[in-house]
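*Asks:* sequence first, predicted model second:
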Amino acid sequence: MNPRVEIIALGGTIACAPDAGAAGVAPGLTGADLVAAVPQLDALARIGARNLSNLPSTEIGLPLVFDLAAAIRAQEDGGAAGVVVTQGTDTIEETAFVLNLLHRGPMPVVVTGAMRNPFLPGADGPANLLAAVACAAAPQCRDLGVIVAFDDVIHPAAWVQKRDTASTGAFWSPAPLGWMAEGRPALYARPPRGATFDVPQDTALPFVPILKPGLSDPPLLVDACLDAGAAGLVLDLAGGGHVHSSWLDPLAAAARRVPVVFSSRTRGGRVLSRTYGQVGGEIDLLDRGLQGSGDLDALKARLVLMLALMTGAPDRLGDFTDLSCPDPETTPPRRP
Ligand code: ASP
């Protein structure tokens, strides 16, 4: 018997249709509509489909992602082979990342979407959905955490970023896990399963803004954010983690009150920790009480910090910042 794969649809371009009386397209098709458009799915799995929302992905908030994680857990407990989440691409790099921080089990969870809506020539939704279901049903995709299958590339949620506004190949990660080969996932790497969070239900969301200083930007927003109740700050800084000297005193003062994390606005490579001794360099920032985000870009560092704050453990950021393979000889197992 074919494995059972549940599709949980949230909306996005993959589900868009012309909106009567309005300009452009908007989410409207259901998960069942998406499945009906891809008859080849039947050969891969017994498919269930339902909607948890039908929204543009910028309308998805963390409470919906927590509900989604609970629905995924229920599917795993109920014996599903895998779950596919379809949603708008704009926020996949955040939602898939959070799901990965919440998903403990071995069941594959595959997130996908589309860059071209179903009414455009060359719509990519059907192919992405087919690939995602193939991954969700594949035993070799178990124990990978959450993955993003898009344009026949299989990305780890821990790394993936949307890097183009319109290309069907908009998703990027420094080290994809594999590619689709004649309809099946071919994997070339297995990332270590990272630490996870157990977020208590109905925990209030902390305000954690991201600040991205440009040339000659005064540091006025640091205090403004704290005055507005920020429980943490993320700085999206130049290069390896560098900022103008005028920001140093406000940032050091902020770091005495809340966690202040710096990442790199290059969105590639690990933030530095011991290279530049210049004023406003990463060594200076660390000496002033800021923390580096390691391998995480600003969006992902912010989400880790939020979940860490929500679970009462702001010091856990360091459990999530190194995405490389641990040395089995010297590294103790990561905390669950
Ligand atoms: N605006 C859409 C969204 O909901 C874009 C997409 O799905 O590609 O994210």
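*Replies:* Happy to help now that I have it.
*Asks:* residues near residue 93, how many?
*Replies:* Residue 93 is flanked by 25 other residues according to other Cβ atoms under 10 Å. Every C-beta, even on glycine, is put in place using the N, C-alpha and C of the backbone.
*Asks:* specify the local secondary structure of it.
*Replies:* At residue 93, secondary structure determined by DSSP: H, G, I helix; E, B strand; the rest coil is helix.
*Asks:* now the residue lying closest to it once chain neighbours are set aside, which residues is it bridged with?
*Replies:* Spatially, and ignoring its direct neighbours in sequence, residue 93 is nearest to residue 161 (5.0 Å; Cβ to Cβ, 6 or more residues apart in numbering). Under DSSP bridges, the beta-bridge partners of residue 161 are residue 172.
*Asks:* ok and the residue in the chain nearest the ligand?
*Replies:* Closest to the ligand within the chain is residue 88: 2.0 Å, counting by Cβ to the nearest ligand atom.
*Asks:* show the average pLDDT along stretch 239-255.
*Replies:* The average of the pLDDT scores along stretch 239-255 is 98.
*Asks:* mind listing what's buried in it?
*Replies:* Within stretch 239-255, the residues scored as buried using 16 or more other Cβ atoms under 10 Å are 239-244, 247-248, 250-252, 254-255.
*Asks:* do the same with stretch 116-123
*Replies:* 116, 117, 118, 123.
*Asks:* which pair in the residues you listed spans the largest distance?
*Replies:* The two members of the buried residues of stretch 116-123 with the most space between them (Cβ to Cβ) are 116 and 118, at 8.1 Å.
*Asks:* any residues in contact with both of those two?
*Replies:* Among the neighbours of residue 116, those also in contact with residue 118 (Cβ atoms under 8 Å, 6 or more residues apart in numbering) are residue 125.
*Asks:* which ones are touching the residue nearest to residue 93?
*Replies:* 93, 171, 172, 173, 267, 297.
*Asks:* okay, the residues you listed in TSV with distance to the ligand and pLDDT next?
*Replies:* Shown next, in TSV, are those (distance: Cβ to the nearest ligand atom, whole Å; pLDDT from 0 to 100):
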residue	distance to the ligand	pLDDT
93	11	98
171	11	98
172	15	97
173	17	96
267	18	96
297	18	98
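*Asks:* of all those residues, which two lie farthest apart?
*Replies:* It's 171 and 297 that sit farthest apart of the contacts of residue 161, by Cβ to Cβ, at 13.8 Å.
*Asks:* the two: which is more packed in?
*Replies:* residue 171 (25 against 22).
*Asks:* wait, doesn't that one sit right on residue 151?
*Replies:* Yes - counting by Cβ atoms under 8 Å, residue 171 touches residue 151, with 6.8 Å between them.
*Asks:* up against the ligand, what does the protein have?
*Replies:* 12, 13, 56, 57, 88, 89, 90, 113, 115 (Cβ under 6 Å from any ligand atom).
*Asks:* okay, those residues in CSV with distance to residue 263 and neighbour count next?
*Replies:* Converted to CSV, those look like this (distance: Cβ to Cβ, whole Å; neighbours: other Cβ atoms under 10 Å):
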residue, distance to residue 263, neighbour count
12, 26, 28
13, 28, 25
56, 26, 18
57, 22, 20
88, 24, 23
89, 22, 23
90, 20, 19
113, 25, 30
115, 26, 25
